[in-house]
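1. give me the fold of what follows.
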Amino acid sequence: MDSPMDSSRQSKKTRQNREARRSQNQSRPPPQKDAYARLLSQHRSSIFSSYLEQYAQDSSQKEVDKSCSAQRDVFSVTQKKRDQAQVDFSESGDFSRFSKEDETFLSYLEKLSTHDTQQECERQIGVSERQLRGQRRDTTTSQDGDIESGEEIPCVRPGSTKKNQKLKSNPPIEASVSKQEQEKTKKSKKKSQPKEEKNRAEMFNMSAYPLTPRPKPNYAAGPNSAGEKRKNKGDGRAKKHVFESYMSFEEVSHGLKRGELYQGPIRINPKNYNEAFIPSPDNTHDIFLDGVVARNRALNGDIVVVQILPREQWKVVRSDTDCDGTSESDTQAEHMQQTGHGPTTNPTVEDQSSDPEELIRKADRGKHVEDPSTSRPNTEILQRTAKVVYITEKKHSRAVTGHLKLLPDKPFALFSPTDHRVPRINVKLDDCPADFRIHPSNFANTLFICRITDWAADSNFALGQLAKTLGQAGEIEPETEGILTEYDVDFSEFTEEVLDCLPKNLPWTIPPEEFEKRRDLRKECIFTIDPVTARDLDDALSCKQLPDGNFEVGVHIADVSFFVEEGTALDAIASQRATSVYLVQKVIPMLPRLLCEELCSLNPLTDRLTFSVIWKLTPEGKILDEWFGRSVIRSCVKLSYDDAQRMIDAPDKLFPPEELPPIDGEHTIDEIHQAVLYLHSIAKNLRAQRFIGGALRLDQLKISFTLDKETMMPQGCYIYEYRDSNRLVEEFMLLANIASATHIYGMFPDLALLRRHPPPKEKMVKELEVLCRKLGLNIDFSSAGSIHKSLSTVYGNDEYSAYRKEVLTNMCSRPMQLAMYFCSGTLMQKEDFRHYALNVPLYTHFTSPIRRYADIIVHRLLASSLNLGPSLGLSTQEVEKQAKHCNDKKTSSKRVQELSSELYFGVFVKECGPLDSKAMVMGVLDKCFDLLVLKYGVQKRIYYKSIVGLDSFHYWKRDKVPQLKLVWTGKDLESPSVEQVISIFSVIEVQLKADEAPLKYSAILKRPESSAS
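-> Residues are numbered from 1 along each chain as shown. Below is the predicted model:
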């Protein structure tokens, strides 16, 4: 690998060669341009192109031996001054920003030569990039590396240059071939080294992705690629395609039918954009897509068709646990969100709902194919690799946030997305701000939205158009708008056509004829329990004891379908948005605020239309009778979770009026208090029966914020506590949803909109079971109920038991799949209808129609089944299409909520940090480890090479359990070094500190006082 001095000598040689060529062309009149512009203009000539080819070949041959040996050098920190230097190893791997080196064309040539040299070194060693990357996977997160036995690997010197750090960031930890094989490879390479043609376009085309390897021949050489070259205007030479042309629709259809092609959603690793995955149709190991070229212009979330590559190109991995890529789980996108009605400032609460069934990992289930995991020596197996041959559906919005860079003498600017899974984009200067050409530095910190309009097969870069200037990076509102745009959340104002569908005569009152069609419950003791800040009140509860000792319990849900009539403009926008999106500081509503906050919201002391389910229950929760129907209610009080919890905690207390919100005069505080206690008692029995019956609940810590009412900036944060009042509401919402699913499926077996949860991936469950056994954890993974029962007994009783539970919950969440909506007429086997986590045969969503469109469809089906409304105007296929759309929007909504929370916590760290906390290790990899910050409930990753003061580290596996030993340099010359052993569940001290990048922060491992494990 080139040193800075080597690079300087190369630059000098470059200038000498360039002067020599100028002297040969003195007869030509020099153009009236500066040297840099003249160099750019000369690159179109065939003479200059030949010079570049010769230069690259000479540089590669001279430096290849030196680079090969440099790659085998171990890193060490020997100077204390260098320990204090900053090391640029951000979690996101942010290479999209332009360094000063990129400002000159000659510097780029040096980089290109160095990159080619590195590739040549890898070729001579005989280890392909695919094989190297295949060895760096791990059980816990399938991210970065994994080796069975480690060797002492000292750290990168903090004083080394950023350029060298980038090139050394992925050194091979273990060679997967023997020395004899390496020697054979070297000899064979020397005998028949292919001479690769590098045309003018390739030499001058900067990579659209930072440090992206050159396209591999087997990926880029499609069946028609030879005939798809087009001529360049300069010298008439052919321009090679970077990507293959897509197959035709007919070819794809036949390939899928014959089982030669596979279809699924693509997941791109957010921490390594060279890695992508699609679910395997046999529900085993994911199919791996190696590199940008293999993705063939598909973006994260797109539905793609892939073709399996030849067996010799499959990925070599060390064990079964290394095969599955987590992609979004690395940024918590698909982690389980188990919740109740949390505060609206808590975006990780599942849309403020009470459904405990939001689970990780989306995967398709399909026909069985042969298991590709072929046994190899030393526990190695092969993971299938593939390339994209067709994009069935572009799920990605093609809109991204990022920054603009001016390119000298170019008619376009270069847009660098903040999401590194998206390519760099060429934007016409005419689309840029008016003074961008004159003062580009004024826009260095400006955040833009750019939409990709095209991505040609012969370019590493996409083409795009600026959609909007958001504002300064690091400010909450511009960043929030960028997140909403990227995830295709419609936050625009509702159109006049939509608003015309709303009642005109305000204040609105219930039409008299509705009272004749509905059950009048206005005199009943009915109340809501919600977050104190909630304004869209979907559900209300009632409970009274009957003379026979049983109870009449009611769940009353806002009758949104009365206002949202099928086929209207209001219905169309609601179906398109599909869900409300809860951010930390605000809500993006599915419906106009007149509906969701007033006419539909079950506000206290106001007559409201509802859809009710009323049961006759025994004290133990056994259903004796059930009634569905439309009704009219008048909520007597709006209780918060805190209010209800105080009533539960003090069953004998007489609450004075000033301690509670305003109450309807027809009902007393004692009556409401007693109803809450009855509901709590029944809910406890229902909950106990659910878990005895085999249900599973995986709670995870959730961070909430207190905001300044005027600025909406975070004043503090805390871990949200899930209490008995939350569980009370949850149990009756679950009961209502299960009852609704049973009813509509019985009436419409081919049209019911239901929600299923597939069982977890068997292979991942088995691998997790092995890992837990090695950790001394006796967890039974045979069923959802056995998992829940096992987890309830292995947490321990010490001060860290709650956090050990969180780490175990995270581990058990990884094999889980996402719950999803579906139409009952599209699945042949009723067993596939089951909800794994709830352990029920039928489930749906009925209880939140203000914020979920799926619930509106369920309400329409219920009304039709009871002859209280028209038949649903949708076919089975149309219901299934809407169900898939709801699934997509729900996934996007959840990710936006998580990003909003991350955004606010980044602001909190910047304003209030550095923040010190204990942390518990969640997973150990060969280059980094993941941890849970106990005080704040956030998860972070620490890379070993970024730890200041570290002398060396040693990673290994003891009986398949990853272990790490860190050796810290002594505090002074006389002090001995300090050793620190880290494994899963280790408790360490960390500090959260704001990064230079806007709203980003890092976890810094604090030096232990003495050697410990």
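
2. which helix runs longest in the chain?
-> In the chain, taking DSSP state H as the definition, the longest helix is helix 876-912.

3. tell me the strands beside whichever helix or strand comes after that one, with direction?
-> Scanning forward in sequence from helix 876-912 by DSSP states H and E, the next helix or strand is strand 915-924. Strand 915-924 has the following strand partners under DSSP bridges: strand 928-933 (antiparallel), strand 987-994 (antiparallel).

4. need those in TSV (columns: mean pLDDT).
-> Listed next are the strands paired with strand 915-924 as TSV, based on pLDDT from 0 to 100:
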stretch	mean pLDDT
strand 928-933	94
strand 987-994	95
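
5. packed most tightly, which of the ones you listed would that be?
-> Most buried of the strands paired with strand 915-924 by mean neighbour count (mean count of other Cβ atoms under 10 Å) is strand 928-933; its value is a mean of 25. Any C-beta I mention is one placed from the backbone N, CA and C, and that applies to glycine too.

6. who touches that one?
-> 140-141, 144, 701, 803, 806-807, 810, 917, 919-923, 938-944, 964, 982, 988, 990, 992, 1003 (Cβ atoms under 8 Å, 6 or more residues apart in numbering).

7. again, only this time at 6 Å
-> Strand 928-933 has contacts (Cβ atoms under 6 Å, 6 or more residues apart in numbering) with 144, 806, 917, 919-923, 939-943.

8. other SSEs contacting the longest helix of the chain?
-> Contacts defined by 3 or more Cβ pairs under 6 Å, 6 or more residues apart in numbering; DSSP states H and E place helix 876-912 against helix 476-486, strand 581-582, strand 714-719, strand 820-823, strand 987-994.

9. okay, the strands paired with strand 915-924 in TSV with distance to His835 next?
-> Below are the strands paired with strand 915-924 laid out as TSV (distance: least, Cβ to Cβ, whole Å):
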stretch	distance to His835
strand 928-933	28
strand 987-994	36
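
10. among these, which comes closest to Arg860?
-> strand 928-933 (43.2 Å; Cβ to Cβ).

11. give me the neighbour count for Ile303.
-> Close neighbours of Ile303, defined as other Cβ atoms under 10 Å, add up to 17.

12. for it, give me phi and psi.
-> Dihedral angles of Ile303 (phi, psi; degrees, to the nearest 10) stand at phi -90, psi 120.

13. nearest to Lys830 among the contacts of strand 928-933?
-> Using Cβ to Cβ, the contacts of strand 928-933 come closest to Lys830 at Glu806, 35.6 Å.

14. minimum pLDDT in the contacts of strand 928-933, which residue is that?
-> Ranked by pLDDT, those bottom out at Asp144 (32).

15. report the secondary structure element holding Val729.
-> Short version, using DSSP H and E: Val729 is in helix 724-747.

16. that helix packs against which elements?
-> helix 641-649, helix 669-692, helix 853-865.

17. hang on, the earlier thing: a markdown table for the helices and strands packed on helix 876-912, including distance to Trp314?
-> Listed next are these as a markdown table, based on distance: least, Cβ to Cβ, whole Å:
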| stretch | distance to Trp314 |
| --- | --- |
| helix 476-486 | 33 |
| strand 581-582 | 40 |
| strand 714-719 | 44 |
| strand 820-823 | 30 |
| strand 987-994 | 38 |
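
18. which one, of the ones you listed, ends up nearest to His254?
-> Per Cβ to Cβ, nearest to His254 of the helices and strands packed on helix 876-912: strand 820-823, 27.2 Å.

19. may I see the buried residues of stretch 486-504?
-> Within stretch 486-504, the residues scored as buried using 16 or more other Cβ atoms under 10 Å are 486-489, 494, 498, 501-502.

20. start to end distance for that stretch?
-> In stretch 486-504, first residue to last residue: 35 Å (Cα to Cα, to the nearest Å).

21. same thing with stretch 457-476?
-> End to end - Cα to Cα - stretch 457-476 spans 37 Å.

22. report the mean per-residue pLDDT for that stretch.
-> 92.

23. buried residues of that stretch, list them for me.
-> 457-462, 464-466, 468, 470-471, 473-474, 476.

24. tilt between the longest helix of the chain and strand 987-994?
-> 90 degrees (axes from the mean of the first three to the mean of the last three Cα atoms, to 10 degrees).

25. buried set for helix 876-912?
-> Within helix 876-912, judged by 16+ other Cβ under 10 Å, the buried ones are 879-880, 882-887, 889-910.

26. so what's the nearest residue to Leu546 once chain neighbours are set aside up against?
-> By the measure of Cβ to Cβ, 6 or more residues apart in numbering, the closest residue to Leu546 outside its immediate chain neighbours is Glu552, 5.9 Å from it. The contact partners of Glu552, taken as Cβ under 6 Å, 6+ apart, are 544, 546, 616.

27. can you tell me the element Glu552 falls in?
-> Going by DSSP H and E, Glu552 is in strand 551-558.

28. can you pull the domain assignment for this structure?
-> Annotated domains of the chain cover 243-318+379-396, 399-473, 496-759+817-898, 913-1005 [the TED database].

29. please identify the most buried of these.
-> Comparing these by mean count of other Cβ under 10 Å gives domain 243-318+379-396 as most buried, with a mean of 20.

30. if we can go back for a sec, quick one: closest of the strands paired with strand 915-924 to Phe436.
-> strand 987-994 (28.9 Å).

31. so, low pLDDT: which residues of the stretch 151-300 of the chain?
-> 151-239 (pLDDT under 70).

32. next one: the chain
-> Ranges of the chain meeting pLDDT under 70: 1-239, 318-380, 796, 1010-1013.

33. could you redo the last one with a cut-off of 80?
-> 1-240, 282-285, 317-381, 792, 794-799, 973, 1010-1013 (pLDDT under 80).

34. and the gap between the closest residue to Lys394 other than its chain neighbours and Gly464?
-> Counting by Cβ to Cβ, 6+ apart, Asp302 is the residue found nearest to Lys394 once chain neighbours are left out, at 5.5 Å. Remark: distance between Asp302 and Gly464 (Cβ to Cβ, to the nearest Å) = 17 Å.

35. for Glu566, same thing?
-> Counting by Cβ to Cβ, the gap from Glu566 to Gly464 is 38 Å.

36. what of Ile672?
-> 58 Å.

37. could you dump the contacts of Glu552 into a markdown table and include secondary structure?
-> Below are these laid out as a markdown table (DSSP: H, G, I helix; E, B strand; the rest coil):
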| residue | secondary structure |
| --- | --- |
| Lys544 | strand |
| Leu546 | coil |
| Lys616 | strand |
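
38. could you pull out the helices for the stretch 251-400 of the chain?
-> Assigned by DSSP state H, counting those that start in this stretch, the stretch 251-400 of the chain shows helices spanning 292-295.

39. typed the wrong thing, it's the stretch 401-550 of the chain
-> Using DSSP H, counting those that start in this stretch, helices in the stretch 401-550 of the chain cover 476-486, 496-499, 512-517.

40. can you lay out these as CSV showing distance to Met647?
-> Shown next, in CSV, are the helices of the stretch 401-550 of the chain (distance: least, Cβ to Cβ, whole Å):
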stretch, distance to Met647
helix 476-486, 37
helix 496-499, 40
helix 512-517, 32
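
41. which among the ones you listed is found nearest to Arg727?
-> helix 476-486 (31.5 Å).

42. what angle do strand 714-719 and that closest one make with each other?
-> Using the same axes, to 10 degrees, helix 476-486 lies at 60 degrees relative to strand 714-719.

43. which strands and helices sit next to helix 476-486?
-> So helix 476-486, by 3+ Cβ pairs under 6 Å, 6+ apart, packs with strand 399-406, strand 462-472, helix 876-912.

44. ok, now which ones touch the closest residue to His667 other than its chain neighbours?
-> Using Cβ to Cβ, 6+ apart and skipping the chain neighbours, the partner closest in space to His667 is Cys636 (4.6 Å). Cys636 is in contact with 527, 663-664, 667, counting by Cβ under 6 Å, 6+ apart.

45. excluding its backbone neighbours, what's nearest Asp642?
-> Val532 (6.7 Å).

46. correct me if wrong: the one you found contacts Ser640.
-> Yes. The criterion here is Cβ atoms under 6 Å, and Val532 meets it with Ser640 at 4.1 Å.
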